[in-house]
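Engineer: Fold the following and give me the result.
(one chain, ligands or ions: 2)
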Amino acid sequence: MALTEVEQLRDLLQAFWQGRELPCPRHLGTKMKGTHVQTTYADHVYLECPRGKETYTLPQRPRQQEFNHQQSEGLVENINRGDNILCYRCQSKLEKRQEEDATSGRSRFTFTCVRCLSWGSWEGRPQDASMALHSAAVNAKDFI
Ligand SMILES: [Zn+2]
Ligand SMILES: [Zn+2]
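Structural biologist: Ligands and ions are numbered 1, 2, ... in the order given. A predicted model of the protein is given here:
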């Protein structure tokens, strides 16, 4: 399954923060230039292709971050309950990708925020996702 535009931007932004090359999605073999622009109200990363006219302005306050395992598992649990899933960083909508292995019943979930492009992934049988187990463990620790 091809990457969505949001997923492409997520990967580009991740490459930017890691100091890697920024291949233009539209021009094979062309590298874009990225700049982190800090302003009082709207920090962003600006990507510019030297060949085409396309530019990308990616809001970065908050800055992109990978959700931890427990946060990603919590999103799967929300889906199981039929609840909405929102970005932990900026409360925007999350794009969900689910790749299911029919044989094992396991799925790989990837979540990407449409605004700050934070993301997280979780793999397992969806029905096994349970924050309840985690909070039980945390509570048990409180009593020691
Ligand atoms: Zn281009
Ligand atoms: Zn976000």
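
Engineer: doesn't Tyr88 make contact with Gln71?
Structural biologist: Yes. Using CB atoms under 8 Å, Gln71 is in contact with Tyr88, at 5.5 Å. The C-beta positions use only the backbone N, C-alpha and C, and glycine is treated the same way.

Engineer: With neighbour numbers in mind, choose between these two.
Structural biologist: Between Gln71 and Tyr88, counted using other CB atoms under 10 Å, Tyr88 has the larger neighbour count: 20 against 17.

Engineer: Am I right that the more buried one is in contact with Gln70?
Structural biologist: No. Tyr88 lies out of contact with Gln70 (CB under 8 Å); the separation is 10.5 Å.

Engineer: where exactly do the helices run in the chain?
Structural biologist: 5-17, 69-81, 131-142 (DSSP state H).

Engineer: How much space separates the residue positioned nearest the centre of the chain from Arg125?
Structural biologist: For the chain, the residue nearest the mean C-alpha position is Trp119 (1.5 Å; CA atoms, centre = their mean). Plainly put, Trp119 is 21 Å away from Arg125 if you go by CB to CB, to the nearest Å.

Engineer: and the gap between the closest residue to Glu21 other than its chain neighbours and Glu95?
Structural biologist: Nearest-residue entry for Glu21: Lys31, 5.4 Å, with adjacent residues in sequence omitted and distances by CB to CB, 6 or more residues apart in numbering. In this structure, Lys31 lies at 26 Å from Glu95, with CB to CB as the measure.

Engineer: More neighbours: these two, which one.
Structural biologist: Using other CB under 10 Å as the criterion, Lys31 and Glu95 rank with Glu95 on top: 17 against 13.

Engineer: Model confidence score at that one, please.
Structural biologist: Model confidence at Glu95, expressed as pLDDT, equals 98.

Engineer: In this structure it contacts Thr112, no?
Structural biologist: Yes. With contacts counted by CB under 8 Å, Glu95 reaches Thr112, the gap being 4.7 Å.

Engineer: Overlap of the contact sets of those two?
Structural biologist: Any residue near both Glu95 and Thr112 by CB atoms under 8 Å, 6 or more residues apart in numbering counts here, and that gives Val6, Glu7.
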